[in-house]
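Enquirer: The sequence and its predicted three-dimensional model are supplied below.
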Amino acid sequence: MRRNDSERRPERAGERATDLVADGRRGRGPDGLPAPALPGSARPRRIRPMAKDHTLLDFQAAAADPIDAQWGTHLLDVDAYLARVGHPGPRSPSTAALFALHRAHKETVSFENVDVALGREVSLELPDVQRKLVTAGRGGYCFEHNLLFAAALERLGLSVTRLLARVRQGRSTVRYRAHTTLLVIADGELFLADVGFGAEGLLEPVPLVDGATSTVGGFRWQVVREDDQWVLRTLRSDGWFDLYSFRLERHHSVDFDVSNYYTAHHPRSTFTGKLVAMRGDAESQQTLTNSTLQTRHADGRTDLAQLSGEEAVRALRETFAIRLEEPDALRLEQLLSTTFRSRQEA
């Protein structure tokens, strides 16, 4: 079951010029906000129109641009990827293909940080991501998921913009940009697509329209405009819960490399010093953190299970469908019984 609607007067990205370019009119700064008063001046001064801010996105122009070589899209084995996610078609650059492929990816490839937990580097080079998530039958975290998905969409002929977002998880604290999300143009409409947020992430794309919602099974999401940024949130039993925020700002592959390195190495990162795996569908959302398995059901129920190291590794293989090499499985069991266990208890 899918439904996209709007609970308020819709305001689309790009509906006004200030959504796409810097506002050069009198009294406006490059961020679209009122310019500060000029000290020592009693009369308004004439302000020169500002040049177009090329860091902000022009989606009409982007739709006509060729695929940017910096992302390595041409290196993707499209047939292997589609076989991995079980998507027989359609392969047209259409809304139907976008929605079908989004669901197929979400239902097949789990979110996980096994490499980070084992102290390995995480490469964002497309051949490495493809080798891991497609050939090796593994999962990955947001950077890997969405960069792979973006390449697949581009190979189908869709226009994709890769963005960095600030994870909120229900709090207003400003965090570094630790998440990757996507904007996709399909049949002339702009969608937010995201296969890499984990358990509570979108199951299907949602139009980038202020107040638009997506409902799949018993779960619901909404995008809202908040000053100069957009927020994706999900509906919990006690109300709307912010997942992350983002701006319509141009990024480059090196920006993702920096965020990825911090996420994989910094001790304050959500994904260092622990094992994390997540998956979600229309009926439930499951998160494994070390040896604790949480299942949130569409009807609001939440189950918690404490697992042994061996059981947690079995859950990775069976519940999250992650293909593990035996040496990795044994090492994870050891960490779950020692290092990760002591940190969780602390």
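Expert: Cool, got the structure. Residues are numbered from 1 along each chain as shown.

Enquirer: Now for the residue sitting nearest the centre point of the chain: which residues touch it?
Expert: For the chain, the residue nearest the mean C-alpha position is T181 (3.6 Å; Cα atoms, centre = their mean). Residues near T181 by Cβ atoms under 8 Å, 6 or more residues apart in numbering: 142, 146, 163-165, 192-194, 196-197, 232, 244, 246. C-beta coordinates here come from the backbone N, C-alpha and C atoms, glycine included.

Enquirer: please redo it, this time with the cut-off set to 7 Å
Expert: N146, L163, A165, L192, D194, F246 (Cβ atoms under 7 Å, 6 or more residues apart in numbering).

Enquirer: before we move on, what about A96?
Expert: P90.

Enquirer: Check S110 too.
Expert: The contact partners of S110, taken as Cβ under 7 Å, 6+ apart, are G139, A277, M278, R279, F320, A321, I322.

Enquirer: and if we set it to 6 Å?
Expert: Applying Cβ atoms under 6 Å, 6 or more residues apart in numbering, we find S110 in contact with G139, A277, R279, F320, I322.

Enquirer: in this structure, which spans are helices?
Expert: Ranges of helices within the chain are 59-64, 78-85, 95-108, 114-117, 126-130, 142-155, 253-265, 309-318, 326-337, 339-345, based on DSSP state H.

Enquirer: Highest mean neighbour count out of those helices?
Expert: helix 142-155 (a mean of 24; mean count of other Cβ atoms under 10 Å).

Enquirer: Can I have the buried ones of the contacts of T181 as a PyMOL selection?
Expert: Here is the PyMOL selection string for the buried members of the contacts of T181, based on 16 or more other Cβ atoms under 10 Å:
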select buried, resi 146+163+165+192+194+246
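
Enquirer: Could you list which of the contacts of T181 belong to strands?
Expert: Secondary structure from DSSP state E places L163, A165, L192, F246 of the contacts of T181 in strands.

Enquirer: Find the pair from these with maximum spatial separation.
Expert: Spatially, the most separated pair among these is A165 and L192, at 10.0 Å (Cβ to Cβ).

Enquirer: any weak-confidence spans in this structure?
Expert: Along the chain, the parts satisfying pLDDT under 70 run over 1-57, 59-65, 341-346.

Enquirer: hmm, try it at 90
Expert: Along the chain, segments meeting pLDDT under 90 span 1-68, 88-90, 169-176, 237-238, 250, 300, 338-346.

Enquirer: CSV for the contacts of S110, including neighbour count and distance to G188?
Expert: Below are those laid out as CSV (neighbours: other Cβ atoms under 10 Å; distance: Cβ to Cβ, whole Å):
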residue, neighbour count, distance to G188
G139, 25, 33
A277, 25, 37
R279, 24, 32
F320, 19, 37
I322, 23, 38
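
Enquirer: what's the closest of these to H102?
Expert: Among the contacts of S110, R279 lies closest to H102 (Cβ to Cβ), at 14.6 Å.

Enquirer: The spatially closest residue to that closest one that is not a sequence neighbour and V276, how far apart?
Expert: Sequence neighbours aside, S110 is the residue nearest to R279 in space, at 4.6 Å (criterion: Cβ to Cβ, 6 or more residues apart in numbering). To V276, S110 is 10 Å away according to Cβ to Cβ, to the nearest Å.

Enquirer: got it, and L243?
Expert: From L243 to V276 the distance is 16 Å (Cβ to Cβ).

Enquirer: Those two: who's more crowded?
Expert: A count of neighbours by other Cβ atoms under 10 Å puts L243 above the other of L243 and V276, at 23 against 18.

Enquirer: residues contacting the more buried one?
Expert: Taking Cβ under 6 Å, 6+ apart, we find L243 in contact with L232, R233, T234.

Enquirer: let's see it at 8 Å
Expert: By Cβ under 8 Å, 6+ apart, the contact set of L243 is V167, R168, Q169, F197, E200, G201, W221, V231, L232, R233, T234.

Enquirer: of the residues you listed, buried ones?
Expert: V167, R168, F197, E200, G201, W221, V231, L232, R233, T234.

Enquirer: I'm done for today, thanks for sticking with me.
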